[in-house]
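Asks: sequence below, structure please.
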Amino acid sequence: MEKKTHSIAKNHRLPPWFRVKIRRGERYACIESLIKEKKLNTVCKDANCPNIWECWNMGAATFMILGDICTRNCRFCGVSKGTPLYRDEEEAIRVAEAVCSLKLDYAVITSVTRDDLDDGGASVFASVIGEIKTLSPMCGVEVLVPDFRGKSEAIIKIVEARPDVIGHNIETVKRLYPEVRQMADYRSSLDILRIVKEFDRRQQTKSSLIIGMGEEFDEVVETMEDIAKTGCDVLTIGQYLRPSKHHIEVKRFYTPDEFNKFKQIGNKLGFSHTQAGPIVRSSYHAGRYSTPQKQI
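Replies: I've put the predicted structure just below:
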């Protein structure tokens, strides 16, 4: 049953264009039930994604592996921070079984950052990719990876697993990194995208920006230019929403016209696709903009 329109977050006074319909349909219920049954995590719930109602009702979800506790403390992110308690050795097969049960044509896999693991969890990503392609060989696989502390061997491990898309989000402009992403490095994040392309030019790459945390319009454009120089194929840009009063405040709500300008700029910079809008997130409609690799 469709409910009346609600605002996305209670702790914001949102602009009039920023509304979503909360609707719990049959496919939403199916995904919710399966995630509980398989004891899986999704970024949809853990990061308070505003698109959860639309995506789950379409049968799309972004699985979050390596637990639900992140070792980083990014001030914009709604995922829990702290010391991870365990590593689930059967997680890869359970994710693959969920993808198969849902009959997904396209699966998106992301994770918390696990600085406590030697390879940052790259081997688990590789296992998940392999299991999905074994159980659902026609399913496209996109991974959204952390920075692995810049370890090229971890990044290459992901490339060798041959996902269809490798994403790494720059998230914000260089000037704001010390405030917003204290445990990350702007240039190192750009290098993740660059290393992937240097190892395999055919591999599709993707990045994302979340804006409204205090950056200037021109700084966004400069960051887009930096991302384009890595050879990145797809870029998404969305509006930041404050997950709680403990997170950085929203400094600005960009208008739909401004997002359209970013999209036009992205196209001129050479991205094969630029998706920009208030509720756009890195995995939003992800399967529409990728070209599955031919396995050799």
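
Asks: when you work out contacts or count neighbours from here on, use the C-alpha atoms and nothing else.
Replies: Noted.

Asks: what pairs with residue 70 across the strands?
Replies: Beta-bridge partners of residue 70, counted by DSSP bridges, are residue 81.

Asks: scratch that, residue 277 is what I was asking about
Replies: Applying DSSP bridges to residue 277 gives these bridge partners: residue 238.

Asks: gap between it and residue 226?
Replies: Distance of residue 277 to residue 226, computed by Cα to Cα, to the nearest Å: 20 Å.

Asks: higher neighbour count, these two?
Replies: Comparing residue 277 with residue 226 by neighbour count (other Cα atoms under 10 Å), the higher total belongs to residue 277, at 19 against 15.

Asks: ok, which stretches of the stretch 1-150 of the chain are helices?
Replies: 26-38, 43-46, 52-57, 91-101, 122-135 (DSSP state H, counting those that start in this stretch).

Asks: got a pLDDT number for the nearest residue to residue 193 once chain neighbours are set aside?
Replies: Closest residue in space to residue 193, ignoring its immediate chain neighbours: residue 230 at 6.1 Å, by Cα to Cα, 6 or more residues apart in numbering. At residue 230, the model reports a pLDDT of 98.

Asks: any idea how far residue 230 lies from residue 80?
Replies: 31 Å.

Asks: one step back: out of the helices of the stretch 1-150 of the chain, which gets the lowest mean score?
Replies: helix 43-46 (a mean of 55).

Asks: can you check the pLDDT for residue 235?
Replies: On pLDDT, residue 235 comes in at 97.

Asks: verify the stated contact: it with residue 270.
Replies: No - the pair residue 235 / residue 270 is not scored as a contact, 10.3 Å apart, by Cα atoms under 8 Å.

Asks: higher neighbour count, these two?
Replies: Neighbours per residue (other Cα under 10 Å) separate residue 235 from residue 270, with residue 235 holding more: 25 against 16.

Asks: double-check that that one belongs to a helix.
Replies: No - according to DSSP: H, G, I helix; E, B strand; the rest coil, residue 235 belongs to no helix; its state is strand.

Asks: which residues sit in contact with it?
Replies: 206, 207, 208, 209, 266, 271, 273, 274, 275 (Cα atoms under 8 Å, 6 or more residues apart in numbering).

Asks: for residue 219, same thing?
Replies: Contacts for residue 219 (Cα under 8 Å, 6+ apart) come out as residue 173.

Asks: in helices, which of the contacts of residue 235 fall?
Replies: Judged by DSSP state H, helices contain the following of these: residue 266.

Asks: most surrounded residue in the contacts of residue 235?
Replies: For the contacts of residue 235, neighbours were counted using other Cα under 10 Å, and residue 206 has the most, 27 neighbours in all.

Asks: how close does it get to residue 89?
Replies: When residue 206 is compared with residue 89 (using Cα to Cα), they lie 28 Å apart.

Asks: what segments of this protein are strands?
Replies: 2-7, 19-23, 41-42, 62-65, 69-70, 80-81, 106-111, 140-144, 165-167, 204-211, 234-239, 273-277 (DSSP state E).

Asks: worst mean pLDDT among the ones you listed?
Replies: Comparing mean pLDDT across these, the weakest is strand 2-7, with a mean of 33.

Asks: distance to residue 112 added to the contacts of residue 235, as a markdown table?
Replies: Listed next are the contacts of residue 235 as a markdown table, based on distance: Cα to Cα, whole Å:
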| residue | distance to residue 112 |
| --- | --- |
| 206 | 18 |
| 207 | 16 |
| 208 | 16 |
| 209 | 18 |
| 266 | 28 |
| 271 | 27 |
| 273 | 26 |
| 274 | 25 |
| 275 | 24 |
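
Asks: which of the contacts of residue 235 sits closest to residue 248?
Replies: Set against residue 248, the nearest of those by Cα to Cα is residue 209 (15.6 Å).

Asks: who's in contact with the closest one?
Replies: Per Cα under 8 Å, 6+ apart, neighbours of residue 209: 169, 170, 171, 172, 235, 236, 237, 238.

Asks: list the contacts of the closest residue to residue 279 other than its chain neighbours.
Replies: The shortest distance from residue 279 to any non-neighbouring residue, by Cα to Cα, 6+ apart, is to residue 238 (5.7 Å). By Cα under 8 Å, 6+ apart, residue 238 lies in contact with 209, 210, 211, 276, 277, 278, 279, 280, 281.
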